[in-house]
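In: Sharing a model prediction with you, sequence too.
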Amino acid sequence: MDVHAKTAYQAQLLENRLRKRDRHLRKWARRTGTDVYRLYDRDIPEIPLTLDRYGGAAAGALYERPYGKDEAEEERWLAAMTEAVSRSLEIAPQRIFLKRRRRQRGRQKTGGQYEKLADQSFLAEVHEGGLRFRVNLSDYLDTGFFPDRRILRDMIRGEAAGKRVLNLFCYTGAFSVYAASGGAAAADSVDISKTYLSWAASNMAQNGIEAGFCPPEAVWRPAGAGWPALPVCRLIRADALAFLDGAARRRCSWDVIILDPPTFSNSKKMRTALDIRRDYSSLIRHCLGLLNPGGVLWFSVSARRFRLEPDEFPGAVCADMSRRIADEDFRGKRPPVCYRFSC
């Protein structure tokens, strides 16, 4: 089979798979009130794509294939897959965004899913759990919203009422929006990126949540002092690692902490590179030390081949929630690592 025939054959396989999946998941999504869901995740080995539906648009990525391929031929292959997506989902090709996710090696890693790749600004509003979120389907490897955390977001909302919540590495603030909608007394969202904090502010505004930008010092209050008269949702631009140190020195505390860090980042804005496989234990210990009695830490990460030993953290009750956060569109797939610590 020549390369063109092989590409056409693979495009047909993908089209058939997507049509069947979307027919099933669209009914489920309508019942559950979401229009963002995972349609395809490397289900066919020779088609190493992921694809998510975002209402009337779609976005995903091509994973690096293990063999060399002519660059022009690879682009033609990707265009053929885009056409297959368009036919199966009845979405115009201009509303489909397939990016190339290249394998990162060694210290060259930069947390590339957060780096800007284009400047098209194809923005869309999506819905989940009675809430609204803005996504950017064109300009970054990731869109600003992770469907595989859907159940986890709802779990956090379910236990946020009246609680003080800290969301570290908050990205575009989805966990904070859920916490605020669940009646959190305060939700502090920490990220080093001004771009993503502004995006988080937009998500909060779309849901009628009062939010404001605050320096870390507004939260690093002396022990025993009351919480400042600040918005319910506070957006704090800071290196999360430095923020944790400052919070510990000033004896700050929260009832719920959300720790959902990138797998790796060596951003120049951070005081030191983050490698979650190396640093997870220290991060978790820092967070456990900031919990009020009866508090809860949610730890989640998408790193492959990651393993955590619960007995590393004496004094905390650790429950593996990874399988419990796998929703209908992720059945049979490897879920994110997720643990709930309580003390």
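Out: Perfect, thanks for sending it. Numbers count the residues shown, from 1 in each chain.

In: contacting residues around residue 237?
Out: Residue 237 makes contacts with 191-194, 197, 213, as judged by CB atoms under 8 Å, 6 or more residues apart in numbering. Using the backbone N, CA and C atoms, a C-beta is placed for each residue, glycine as well.

In: 6 Å instead, please
Out: Contacts for residue 237 (CB atoms under 6 Å, 6 or more residues apart in numbering) come out as 194, 197.

In: who does it bridge with?
Out: Going by DSSP bridges, residue 237 is paired in beta bridges with residue 191.

In: For it, give its distance to residue 216.
Out: 8 Å (CB to CB, to the nearest Å).

In: and if you look at residue 73?
Out: Using CB to CB, residue 73 is found at 50 Å from residue 216.

In: before we move on, what about residue 260?
Out: Distance of residue 260 to residue 216, computed by CB to CB: 19 Å.

In: Quick check: can you list the domain ranges of the protein?
Out: For the chain, automatic domain parsing gives the domain ranges 3-124, 148-342.

In: for those domains, which one sits closest to residue 132?
Out: Of all the domains of the chain, domain 148-342 sits nearest to residue 132, with 4.5 Å by CB to CB.

In: The closest one spans what distance, first to last residue?
Out: 23 Å (CA to CA, to the nearest Å).

In: show me the contacts for residue 19.
Out: Taking CB under 6 Å, 6+ apart as the test, what residue 19 contacts is residue 88.

In: Could you look up the SS state of it?
Out: Assigned with DSSP: H, G, I helix; E, B strand; the rest coil, residue 19 falls in the helix class.

In: what about residue 79, how many neighbours?
Out: By other CB atoms under 10 Å, the residues close to residue 79 number 14.

In: what helix or strand does it sit in?
Out: Element membership of residue 79, judged by DSSP states H and E, is helix 71-89.

In: so what does that helix touch, helix or strand wise?
Out: helix 3-32, strand 96-101 (3 or more CB pairs under 6 Å, 6 or more residues apart in numbering; DSSP states H and E).

In: Might you list the low-confidence residue ranges for the stretch 51-200 of the chain?
Out: 65-68, 102-119 (pLDDT under 70).

In: Which parts of it are helices?
Out: Counting by DSSP state H, counting those that start in this stretch, one finds helices in the stretch 51-200 of the chain at the ranges 71-89, 150-158, 174-181, 194-206.

In: so which of those is the most packed in?
Out: Mean neighbour count (mean count of other CB atoms under 10 Å) peaks for helix 174-181 among the helices of the stretch 51-200 of the chain, with a mean of 27.

In: Can you tell me which helices and strands that one packs against?
Out: Contacts defined by 3+ CB pairs under 6 Å, 6+ apart place helix 174-181 against helix 150-158, strand 164-168, strand 186-191.

In: is it possible to export these to JSON lines including distance to residue 123?
Out: JSON lines is the format used below for the helices and strands packed on helix 174-181 (distance: least, CB to CB, whole Å):
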{"stretch": "helix 150-158", "distance to residue 123": "21"}
{"stretch": "strand 164-168", "distance to residue 123": "23"}
{"stretch": "strand 186-191", "distance to residue 123": "19"}
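
In: Of all these, which one is nearest residue 332?
Out: Residue 332 lies closest to helix 150-158 among the helices and strands packed on helix 174-181, at 15.5 Å (CB to CB).

In: Roughly how far does the residue sitting nearest the centre point of the chain sit from residue 135?
Out: The centroid of the chain falls nearest to residue 146 when counting by CA atoms, centre = their mean (4.1 Å). According to CB to CB, residue 146 and residue 135 sit 10 Å apart.

In: next one: residue 147
Out: In terms of CB to CB, residue 147 sits 11 Å off from residue 135.

In: Ok, residue 314 next?
Out: Residue 314 sits 41 Å away from residue 135, going by CB to CB.

In: Compare those two (neighbour count), which wins?
Out: Applying other CB under 10 Å to residue 314 and residue 135 shows that residue 135 carries more neighbours, namely 24 against 6.
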